[in-house]
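Participant: Take a look and give me a structure for this.
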Amino acid sequence: MGTWFVIGQKPTFLEKTCSNSVERYTRLDNKDHDIDIDFHYNNAEPITSKLKSLPQKGWIQGTNKEDSSDWIVSPQWPIKMPYPIIEVDTKHYDWIVVGYQSRAYCWIMSRKPVMADDTYEMLTKRLTDKHQYTLDGMRKVPHKWTKAERTKRGLEKDIPDKYLSE
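Facilitator: Purely as a prediction, here's the structure:
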């Protein structure tokens, strides 16, 4: 749960030009779904392009909902998409990779708006070697953060000053 920055993706049609993509996951109790997902992104260029929002609902599958990596996500009713978490940083929980059954989409996410090149390369290699993805259409999501943008989006606790561009 918590805040995740989308670093790389094989995008859906909505995400092909997005930047500054951030997803916040909140675990719920006693609701008709298990997770609220708050997805915000700039439509094109970071900061200067229109800020968009796509709230989603998620359902954790399986009997152990505290440890399941098998989710279903709904960007809007009646669409429900499988959302399997296929790679997790089990040491520090700094990154995850979300897949898709057809391998048409995937998302590499990090707790910070940056990711070391060697980590990104290791994850894309795992996508191809371990999960049989092609990297056709894979893109790095541009991230550029100013203090004003960080504050406007309520990310003061998630983006340290060292990651700000201005």
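Participant: what residues are up against Ile35?
Facilitator: 1, 25-28, 57-60, 71 (CB atoms under 8 Å, 6 or more residues apart in numbering). Yep, even glycine has a C-beta here, placed from its N, CA and C like the rest.
Participant: Redo these as TSV? Include neighbour count.
Facilitator: Converted to TSV, these look like this (neighbours: other CB atoms under 10 Å):
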residue	neighbour count
Met1	9
Tyr25	17
Thr26	12
Arg27	14
Leu28	12
Lys57	19
Gly58	21
Trp59	16
Ile60	18
Trp71	21
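Participant: Could you export these as CSV, including distance to Gln9 and secondary structure?
Facilitator: What follows is these, written out as CSV (distance: CB to CB, whole Å; DSSP: H, G, I helix; E, B strand; the rest coil):
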residue, distance to Gln9, secondary structure
Met1, 20, coil
Tyr25, 17, strand
Thr26, 22, strand
Arg27, 23, strand
Leu28, 25, coil
Lys57, 20, strand
Gly58, 18, strand
Trp59, 22, strand
Ile60, 22, strand
Trp71, 17, strand
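Participant: Please identify the one among those residues that lies nearest to Trp77.
Facilitator: Lys57 (8.8 Å; CB to CB).
Participant: State the helix or strand in which the residue sitting furthest away from the middle of the chain lies.
Facilitator: The outermost residue of the chain relative to its centre, with distances by CA atoms, centre = their mean, is Asn30 at 24.9 Å. If you go by DSSP states H and E, Asn30 is not part of any helix or strand.
Participant: Could I get the pLDDT score of it?
Facilitator: Predicted confidence (pLDDT) for Asn30: 75.
Participant: can you tell me how far it sits from Ile47?
Facilitator: In this view, Asn30 and Ile47 are 38 Å apart by CB to CB, to the nearest Å.
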